[in-house]
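Fold the stuff below for me.
(2 chains)
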2 protein chains.
Amino acid sequence: MAATVVSNLSKIPFTVNPDLQVERDESPLTPHISEITNIIDGSDRVTKRRREIEKILFKEPIFKECANIRTYRPRQEVYAKGVERSVRLFSLKQEHNWSDAEFKLALKAINDEYSLALHNVMFVPALERLTTEQQKAKWLPLARNYQVVGTYAQTELGHGTYLQGLETTATYDATTEEFVLNTPKVTSIKWWPGSLGKSVNFAIIQATLIIDGKKYGMHPFLTQLRSLEDHKPLPGIGVGDIGPKLSMNHVDNGYLILNNVRIPRENMLMKNAQVSREGQFTSRGPSKGNYSAMILVRVEIVLWCFISLSNASTIAVRYSAIRRQSKLDSSQEESKILDYQTQQYKVFPCLATSYALFFISKTLRNRYTRIHAEMMKGNYKNLPEIHSQSAGMKALASEMTVEVMEVSRQACGGHGYLAASTLGDIVIGAKSLITVEGENTVLYLQVARYLMKRFAAAAGEEPLSGSTDYLNKDPNEYRCPLKSPRDCRNVGLLCEVYRFRAYVMIANAAKKLQRDIEAGKKQHVAMNDNLVQLVRAAKAHMMYCMIKDYNESMSQLQTSLPVANALHYLQVFFSVFNLIKNGGDFLETEAVGLSQMEWLKEVEVQMLAEIRPDAVSLVDAFDIHDDALGSVLGCYDGNVYERMLKSTENEPLNQSDVHYSYHQHLKPFLHKNNPSKL
Amino acid sequence: MAATVVSNLSKIPFTVNPDLQVERDESPLTPHISEITNIIDGSDRVTKRRREIEKILFKEPIFKECANIRTYRPRQEVYAKGVERSVRLFSLKQEHNWSDAEFKLALKAINDEYSLALHNVMFVPALERLTTEQQKAKWLPLARNYQVVGTYAQTELGHGTYLQGLETTATYDATTEEFVLNTPKVTSIKWWPGSLGKSVNFAIIQATLIIDGKKYGMHPFLTQLRSLEDHKPLPGIGVGDIGPKLSMNHVDNGYLILNNVRIPRENMLMKNAQVSREGQFTSRGPSKGNYSAMILVRVEIVLWCFISLSNASTIAVRYSAIRRQSKLDSSQEESKILDYQTQQYKVFPCLATSYALFFISKTLRNRYTRIHAEMMKGNYKNLPEIHSQSAGMKALASEMTVEVMEVSRQACGGHGYLAASTLGDIVIGAKSLITVEGENTVLYLQVARYLMKRFAAAAGEEPLSGSTDYLNKDPNEYRCPLKSPRDCRNVGLLCEVYRFRAYVMIANAAKKLQRDIEAGKKQHVAMNDNLVQLVRAAKAHMMYCMIKDYNESMSQLQTSLPVANALHYLQVFFSVFNLIKNGGDFLETEAVGLSQMEWLKEVEVQMLAEIRPDAVSLVDAFDIHDDALGSVLGCYDGNVYERMLKSTENEPLNQSDVHYSYHQHLKPFLHKNNPSKL
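Here you go, the predicted model:
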């Protein structure tokens, strides 16, 4: 009975929800969205290729059902399906002879939801980077052809950020020409590396090299963890999964205990330092190659933020266009929630930040590519600049992303709290970006230290270049360039305002630090007493950099007028929204005055109204496949309620009308003194 | 092998981690913490009783293992254990003859983590409130003795907040003297009620009454859903679980489809309106009893926020005291992260907000009790006031709570992302408070509408009283009372600043609305065009109310000097932190000037330093049982790393050294072209 009652109502219509259709029919942007899609993909050719790859993937249940597995199945299966997906992906790559770029398109389509991700993302690149030619010749083919699968193990239970604190040791035994690896204490246990727990059979382990009792710093050691025959952990190795995380439970983040594990001398990855048979240590000095890899990951994270944001805003905008609640005008039918100014104010920041971070990440990526090329030629002049830029962008982008996405999730009301909405998982997944690959506060402080150095250098002879060039001159001639409400829509002028605010905050922090030291505080005490202010200054700098990079990226764009208009409104909104959000700073630094703040607030709500008609088209332009999105609220056809009801069929509790716990627990209790008739 | 390697390192020491012990030894507050514990519990007698009840509960595995079940077991078991816990709780209540207050202590100890919560929280109180004397006599004993178990079903798939939009119908059939219940469309399906999916056999269903084709508004209908014999759904009823949520998956939030379900006429709960046998409708006018229940839940939510915050800050503060990372002073050992100013700035807002919301909720609760008593005597004069206060406090408290807790979670780095830390679940659990029992934006707008009315009334003859009394007079004589940095520690003066900022923002919103209407905008258009500004004004008002209530609550407190000092620093920090956080508003309204902002920022970091020595004692004072906390990071003894490693034994993936997915998927792939020896 129950099943029949449900199935009658959970039939999903073949037509698009009229409330969504009318949005597409009436947006002037609709005929032009493929322009935007192509910009995001890189070209129409890539868009086409991506769709072909998605077609290949989503005809297979294993890829189509990602969201269902994640939402309804226990961890064991979530992981097992992640392994199955990995193997299938690797096979498809081989079958179709996908290039690295094409493989990336496939990974994007499935939101990187596979267990062995670390093999491609960390293990192979680390082998490429850290090995001698001889080692390359041996190991790269094995890794690239998936004859061995590996990960990269650095973080320990007791240490993440502070690399010098890592405690794993690799002691050279010249008698056998082996290294003996140990995690001597509970805090030294490797902890967190992805794919480590159950999946991989090899790991590159970062450990302190010890020869004859003397320490020689951290080095990478390629270590076999599991038998290639039967996958059993090798002697002396304790390895397992660290338990569920808030998200990404298809990955077996692992722990690793090493108890006198012996590996051949040749397994030290010796590109940057060598140990001879006799135990002679030689080094080419500190490797800068590792920096480059670290920087690249942070540059990538800004792009991942965009991907998360585009998923989240697709769901929130489409749902807001079909959900009706209360009446704006009591003589009319219930209003779409997207028509409420407050709803726009909750959903459009997410939409605008999506676009912003896409364009910002593009500029950042180009800068990285340029500086990386310099470094490959031995020119490390711009390393501190790109290091600081990537650290700060990663931190600010991830912080912003989580904030605006969470507001968007809340804007979907209770339904945004359902796992089947996928919104929660997107937000929670993105939260990991705040602490991975450099914890954000630590990164902001790296930026702040860089800024303090540059500020001091600005007093010197040589003018600064790069992101801090504005520190060259004291802008004491500053007059707020926003002379009218109209000026508040000018992104160039807004950028000047951001720049001045950053300047003042950096200068104030530097002066305060100086004063504290002159007043007799020790350097490290003065530093610690000003950390909060330093972080604020770093954020102000990075926010300016974002606005500048966004403008730079947009100024190079050639588009049709409707596209240009829509993107312009988003850009203005992003600039104004973040200015108002940090209004205190801008007023305090006198970057703007009270009239400007009033104008800016007017422009902010004007932009909401300008964005409104194109909102659905702007998320359609992300062109996210329904199977990739996996959300009952965000589907392209807008048949939300039917999908929600239908989704209950996947819930294990609904497998039977009466749950087993009734018989075990509830029935004995209720029947104890219960007349079966009332 | 692997198991031995792990177990050697995962032995949990019997002693307290010295880094935590030294905090307790050196805090001047330590000898006085029981004073605070008693304040929080209400008295030393309640503290004692609470501990006795915790002892009873936590000697039983079913209560001790809440966190383990939640973290490591699949949904089926999570729910089943929730049912088992419900039954055991109800039995203990009967066995020990617990009073309602004692039962509440038990629920608090297990963080309400049981499946049948809605029976006690909603079903029984609704029966008490909505029934005639005759109905009371029949149903209350059955419900109180758990002969029937029920929930309250109002929200539908398509409607939450907007009650007039609800679509479920109850049509009277005079020929059989029955009501015929229907959820005619997919959007009308009842969706979300807790315990509805699999647990309860009865529900109070809100439906539109129809007699002879005429609608008579929403009324409550007591409806049997499942057989008392075998728990099977009755004919015409489709009922099930709505699927996993981001948290609280021990509760079976359910859907309910009604297809011509017939219930006897007597099952309409007729306290406020009756239908006679002949189909004659009579009503005593709109019930205000329902308001009272809704208000009480919102008042309670402010207290729940405190409970969540106290759990979260216990974990974050203790972990920050044992985690060491990097060196403040390079000549010393690695520093406790709690010693970094930035860490304090991330963890202490959560700690301070815990205490703030405890004291604020106390004042709010007293106000509710007073006004409720008036209402019981038929005096509804203060209903709008308490309605608005509870709505606004619920919204602002939940918003703040989620924000500061999330920052605290991030302050625990990667480990705060582990499910076993429990921090994530606390934060995500609290997120539900933002959308339940009135979505926050909707609530802020209710407050705003109340403020607009009061602002208009202030121009009238009768002076305003209650929270809006300050709207009586235009404070054009305002001079910022903060004349020195010292003044910025004066919570009375700070409160004046908050009040002025609220006044200006309310006045500006009212004037803008007025201008728009005078300029010819329709009322509803003008309203919608100003929603963002109205929400800002409502928040400013509620923030002022919080500061005022906090001050009021603290001024009545009698404590020892160390307690008074510690609580005072928290109070100043809370006031200053939230002022700076909204600095833009305060500068814009000229509630403070630039010098004040500078002083306030100095005081803010001074307070961090003042709170630092007592931080651990201040969380110890919450006296949260380790089994209630269920966190590997937050345990009383601070043996964090050992517990983390130990916790991996609970992870199902670690049941075998080699996961089954290896044999199914990975092995065939790797062995395809893999030499078993390299």
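
The spatially closest residue to residue A:285 that is not a sequence neighbour: neighbour count?
The shortest distance from residue A:285 to any non-neighbouring residue, by Cβ to Cβ, 6 or more residues apart in numbering or on different chains, is to residue A:272 (7.8 Å). Using the backbone N, CA and C atoms, a C-beta is placed for each residue, glycine as well. Residues lying near residue A:272 (other Cβ atoms under 10 Å in any protein chain shown) number 18.

Which positions within stretch A:442-455 qualify as buried?
By 16 or more other Cβ atoms under 10 Å in any protein chain shown, the buried positions in stretch A:442-455 come out as A:442-448, A:450-452, A:454-455.

With pLDDT as added columns, please give these in TSV.
Formatted as TSV, the buried residues of stretch A:442-455 follow (pLDDT from 0 to 100):
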residue	pLDDT
A:442	96
A:443	97
A:444	98
A:445	97
A:446	97
A:447	98
A:448	98
A:450	97
A:451	98
A:452	97
A:454	96
A:455	96
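
ok, residue A:247 - contacts?
A:425, A:428-429, A:431-432 (Cβ atoms under 8 Å, 6 or more residues apart in numbering or on different chains).

Ok, residue A:288 next?
Contacts of residue A:288 by Cβ under 8 Å, 6+ apart are A:375, A:380, A:383.

Toward the C-terminus, what is the element adjacent to the least confident helix or strand in chain A by mean pLDDT?
Within chain A, no helix or strand scores below helix A:2-9, which has a mean of 61 by mean pLDDT, DSSP states H and E. Tracing the chain past helix A:2-9, the next element assigned as helix or strand by DSSP states H and E is helix A:18-26.

In PDB, could you pull the C-alpha coordinates for that next one?
What follows is helix A:18-26, C-alpha atoms only, in PDB (Å, rounded to 0.1, in the frame of the first residue of the first chain):
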ATOM      1  CA  PRO A  18       7.200  26.000 -15.900                       C
ATOM      2  CA  ASP A  19       8.700  28.200 -13.200                       C
ATOM      3  CA  LEU A  20      12.100  27.400 -14.500                       C
ATOM      4  CA  GLN A  21      11.200  27.400 -18.100                       C
ATOM      5  CA  VAL A  22       9.900  31.000 -17.900                       C
ATOM      6  CA  GLU A  23      13.300  32.100 -16.500                       C
ATOM      7  CA  ARG A  24      15.100  30.700 -19.500                       C
ATOM      8  CA  ASP A  25      12.500  32.100 -21.900                       C
ATOM      9  CA  GLU A  26      12.700  35.600 -20.500                       C
END
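
Quick check: of the contacts of residue A:247, which lies closest to chain B?
Taking Cβ to the nearest Cβ as the measure, residue A:432 is the one of those closest to chain B, at 5.7 Å.

Check the burial of the closest one by counting its neighbours.
17.

if I look at it, how far off is residue B:210?
Plainly put, residue A:432 is 52 Å away from residue B:210 if you go by Cβ to Cβ, to the nearest Å.

Please apply the same query to residue A:305.
Taken as Cβ to Cβ, the span from residue A:305 to residue B:210 is 52 Å.

same thing with residue A:388?
For residue A:388, the distance to residue B:210 - Cβ to Cβ - is 68 Å.

before we move on, what about residue A:420?
With Cβ to Cβ as the criterion, residue A:420 and residue B:210 are 33 Å apart.

quick one: which of those two has more around it?
Here residue A:420 and residue B:210 are set side by side on neighbour count (other Cβ under 10 Å), and the busier one is residue A:420, at 27 against 16.

Just list the residues touching the more buried one, thanks.
Applying Cβ under 8 Å, 6+ apart, the residues near residue A:420 are A:67, A:71, A:631-632, A:644, A:647, B:243-244.

Mind checking if the strand or helix carrying residue A:547 is in reach of chain B?
Secondary structure assignment for residue A:547, by DSSP H and E: helix A:531-555. Yes. Interface with chain B: helix A:531-555 contributes A:531-533, A:535 (Cβ under 8 Å from any Cβ of the partner chain).

Could I get those in a markdown table, plus columns for pLDDT and neighbour count?
Below are those laid out as a markdown table (pLDDT from 0 to 100; neighbours: other Cβ atoms under 10 Å in any protein chain shown):
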| residue | pLDDT | neighbour count |
| --- | --- | --- |
| A:531 | 98 | 22 |
| A:532 | 98 | 20 |
| A:533 | 98 | 18 |
| A:535 | 98 | 23 |
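
Looking at the residues you listed, which is nearest residue B:125?
Distance to residue B:125 across the residues of helix A:531-555 next to chain B (Cβ to Cβ) is lowest for residue A:532, with 46.1 Å.

Relative to residue B:309, how far out is that closest one?
From residue A:532 to residue B:309 the distance is 21 Å (Cβ to Cβ).

Kindly give the local confidence score, pLDDT, for residue A:284.
Residue A:284 carries a pLDDT score of 81 in this model.

Could you look up the SS state of residue A:205?
strand (DSSP: H, G, I helix; E, B strand; the rest coil).

isn't it right up against residue A:219?
No. Contact criterion Cβ atoms under 8 Å: residue A:205 and residue A:219 do not qualify, at 9.4 Å.

Could you tell me which residues touch both of these two?
residue A:170.

When those two are compared, which one has more neighbours?
residue A:205 (28 against 23).

What residues are bridge-paired with that one?
For residue A:205, the beta-bridge partners under DSSP bridges are residue A:153, residue A:221.

which residues does it contact?
Residue A:205 touches A:153, A:168, A:170, A:181, A:190, A:220-223, A:256, A:258, counting by Cβ under 8 Å, 6+ apart.

Residue A:617 is in contact with residue A:33, isn't it?
Yes. At 5.4 Å, residue A:617 and residue A:33 qualify as touching, with contact defined as Cβ under 8 Å.

Quick one: the strands in chain A, in order.
A:150-153, A:169-173, A:178-182, A:190-191, A:202-211, A:214-224, A:237-241, A:254-258, A:261-264, A:273-275, A:281-283 (DSSP state E).

pLDDT (mean, whole number) over stretch A:82-90?
Mean predicted lDDT for stretch A:82-90 stands at 97.

Quick one: buried ones out of the contacts of residue A:288?
So, by 16+ other Cβ under 10 Å, the buried ones in the contacts of residue A:288 are A:375, A:383.

which one of the contacts of residue A:288 sits closest to chain B?
Distances from chain B to these, taken by Cβ to the nearest Cβ, are shortest for residue A:383, at 21.6 Å.

Against residue A:450, how distant is the closest one?
Distance from residue A:383 to residue A:450, by Cβ to Cβ: 11 Å.

can you check residue A:330 too?
On the measure of Cβ to Cβ, residue A:330 and residue A:450 end up 57 Å apart.

Kindly report the same for residue A:421.
In terms of Cβ to Cβ, residue A:421 sits 40 Å off from residue A:450.

Equivalent analysis for residue A:72, please.
Counting by Cβ to Cβ - residue A:72 and residue A:450 are separated by 47 Å.

before we move on, what about residue A:647?
49 Å.

what do you get for residue A:300?
21 Å.

Likewise for residue A:370?
Distance from residue A:370 to residue A:450, by Cβ to Cβ: 19 Å.

Please apply the same query to residue A:497.
23 Å.

got it, and residue A:351?
32 Å.

Next: residue A:299.
Distance from residue A:299 to residue A:450, by Cβ to Cβ: 17 Å.

Equivalent analysis for residue A:298, please.
From residue A:298 to residue A:450 the distance is 14 Å (Cβ to Cβ).

How about residue A:266?
39 Å.

cool, and residue A:502?
From residue A:502 over to residue A:450 (counting by Cβ to Cβ), the distance is 13 Å.

wait, isn't residue A:56 in contact with residue A:96?
Yes. Using Cβ under 8 Å, residue A:56 is in contact with residue A:96, at 7.2 Å.

where do the contact lists of those two overlap?
Joint contacts of residue A:56 and residue A:96 (Cβ under 8 Å, 6+ apart) do not exist.

what's the single longest helix in chain A?
Across chain A, the longest stretch assigned as helix under DSSP state H is helix A:341-376.
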